[in-house]
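Asker: Have a look at this prediction, sequence included:
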Amino acid sequence: MQYIQTVLPSLLAGALVTLKVFCLTIIGALPIGILVGLGLKSEFKLVRWILNGYVWLMRGTPLLLQLIFVFYGLPLINITFDRLDAALFAFILNYAAYFAEIFRGGFQAIPMGQYEAAKVLRLNPWQTQRKVILPQVIKNVIPPIGNEVINLIKDSSLVYVIGIGDLLRAGNIDAARDVTLVPYILVGIIYLILTAVTTLGLRRLEKYYNYYR
Amino acid sequence: MIELKNIKKSFNGRMILNDINLTINDGDILAIVGPSGAGKTTLLRALAGLGDIDSGEILLDGQQFDPRNSDLKNNVIGVVFQDYNLFPNLTVWENVTLAPKMVLKMTKQELETRIKPILTHLQLAGKDDLYPFELSGGMKQRVAIARALAMQPRVLAYDEPTSALDPSMRTEVANLLLELKKDGVTQIVVTHDIELANSIADKVFTVNALS
């Protein structure tokens, strides 16, 4: 018990870094995901082509490779990021691609009739999206987006490889120094708490959107 | 008065509308009938600005207008869709007031004084806060009518107003349309129900399937 008290502060500091990567990635990736999702059904072939290429690249290669490429690879051609920026750059681009595919599906699930009704009411495309289409898309995509969000909590531990002091790294340092399993178990418990709280939040959000069918 | 002159439309080389000429007088009910696939809905969609025509003119009081153009001066035709296409995420009140608020820039006061009476008239008083999934088919249709009327169109157009409803509702729909006619609303009704057409319309226009 006393040992737990001595390692807990460093683990919580690590958890804070994990949360920071998590939150900033969500904030960056969601809007980009919506825009790319819209762009994936653009009427311009070139736009679709480019965005499909982007999604393919991001989903087709390991996030770990992308992370290493940004932090260790790009400096070789004189593009340098500091650690956190590199992590956010790679995570946001990667997660935006996954979100984009989900949103594309969400947009496609909205019946044409909704757009037509908005059009004959003379709503412009922006008003149509904001008031009619997006609210319905968001309701539809909460479960699949939630899945990715839970994944992100765990994926954030990949920042370990570029030397960011996240939760996993904090636990690893303590375990190596004190030659004990306890920090690893605590790390696992903290991840479980983070995912449990996020799951609860997502449930509430889903419930909130149940006010209509 | 709305006039259609020499409206032509073909899909993939197949002529759907061949030289349609039609006049709709103010306050009249015009029924457009014909077998399915004959082009009734194509004609309605062209009038509503949801589809192109290949050639021809659409005139309002002798002035040409383009239903596809979103400019407010082309706000002539309101549409009640076959499946109503209500916005499921919005309440009855929000469905009906969304466009008047955002497009016509009506103030809260104006919404109250102009939209409330429409809802009351369509027996939707007190239903403001319900969502579409809580409404019966007939109520949904009346909300769709209210939503279209709220934009103050010159003409209200219906696509198959009876097909999504229980057959027993037919008389109710007929009465509703006749009531709106009494209020001076000009109406176009696309239907395959010739009996309905004959019972309400001042003029029945038949679109024939072209070979």
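Answerer: Yep, it's here. Just so it is clear, the model here is predicted, and its values are computed rather than measured.
Asker: which residues touch B:Lys8?
Answerer: Shown here is B:Lys8, whose contacts under the criterion Cβ atoms under 8 Å, 6 or more residues apart in numbering or on different chains are B:15, B:17-20, B:53-56. No exception for glycine: its C-beta is placed from N, CA and C like everyone else's.
Asker: So which of the residues you listed belong to strands?
Answerer: B:15, B:17-20, B:55-56 (DSSP state E).
Asker: for the spatially most central residue of chain B, helix, strand, or coil?
Answerer: Most central residue of chain B, judged by C-alpha distance to the mean C-alpha position with Cα atoms, centre = their mean, is B:Ala157 at 2.0 Å. B:Ala157 falls in the strand class when you classify it by DSSP: H, G, I helix; E, B strand; the rest coil.
Asker: excluding its backbone neighbours, what's nearest it?
Answerer: Distance criterion Cβ to Cβ, 6 or more residues apart in numbering or on different chains; nearest residue to B:Ala157, sequence neighbours excluded, is B:Ile188 at 4.3 Å.
Asker: can you pull the contacts of residue 3?
Answerer: In the absence of a named chain, chain A is used. The neighbours of A:Tyr3, taking Cβ under 8 Å, 6+ apart as the test, are A:178, A:180, A:182.
Asker: um, chain B though
Answerer: B:Glu3 makes contact with B:22-24, B:57-59, B:62 under the criterion Cβ under 8 Å, 6+ apart.
Asker: just to confirm, which helix or strand has it in it?
Answerer: Using DSSP states H and E, B:Glu3 sits within strand B:2-11.
Asker: Next, the angle strand B:155-159 makes with that strand.
Answerer: Here strand B:2-11 runs at 30 degrees with respect to strand B:155-159, directions being taken by axes from the mean of the first three to the mean of the last three Cα atoms, to 10 degrees.
Asker: does B:Ala164 count as helix, strand or coil?
Answerer: Following three-state DSSP, the label given to B:Ala164 is coil.
Asker: Next one: it from chain A, what distance?
Answerer: Distance of B:Ala164 to chain A, given as Cβ to the nearest Cβ, to the nearest Å: 12 Å.
Asker: Please apply the same query to B:Val207.
Answerer: For B:Val207 relative to chain A (Cβ to the nearest Cβ), the value is 21 Å.
Asker: Run a quick neighbour tally on that residue.
Answerer: B:Val207 is surrounded by 22 other residues when neighbours are defined as other Cβ atoms under 10 Å in any protein chain shown.
Asker: Show the contacting residues for it.
Answerer: For B:Val207, the contacting residues are B:17, B:20, B:32-34, B:38-40, B:43, taking Cβ under 8 Å, 6+ apart as the criterion.
Asker: which of those are buried?
Answerer: Among those, the ones that count as buried by 16 or more other Cβ atoms under 10 Å in any protein chain shown are B:17, B:20, B:32-34, B:38-40, B:43.
Asker: Now tabulate those residues in TSV and tack on distance to chain A, secondary structure and pLDDT.
Answerer: Shown next, in TSV, are the buried ones among the contacts of B:Val207 (distance: Cβ to the nearest Cβ, whole Å; DSSP: H, G, I helix; E, B strand; the rest coil; pLDDT from 0 to 100):
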residue	distance to chain A	secondary structure	pLDDT
B:Leu17	19	strand	83
B:Ile20	20	strand	85
B:Ile32	17	strand	93
B:Val33	22	strand	91
B:Gly34	22	coil	85
B:Ala38	21	coil	78
B:Gly39	18	coil	83
B:Lys40	16	helix	87
B:Leu43	15	helix	88
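Asker: Tell me the buried residues in the stretch of helix or strand A:Thr18 belongs to?
Answerer: Using DSSP H and E, A:Thr18 falls within helix A:2-39. Neighbour-count burial for helix A:2-39, counted by 16+ other Cβ under 10 Å, picks out A:7, A:10-11, A:14-15, A:17-18, A:20-22, A:25-26, A:28-30, A:32-34, A:36-39.
Asker: Same question for stretch A:58-67.
Answerer: With burial defined by 16+ other Cβ under 10 Å, the residues of stretch A:58-67 counted as buried are A:58, A:63, A:66-67.
Asker: Between the two ends of that stretch, how far is it?
Answerer: Taking Cα to Cα, to the nearest Å, the span from the opening residue of stretch A:58-67 to its closing residue is 11 Å.
Asker: So what's the gap between that stretch and the chain middle?
Answerer: Here the centre of stretch A:58-67 is set off from its chain's centre by 14 Å, with Cα atoms, centre = their mean, to the nearest Å.
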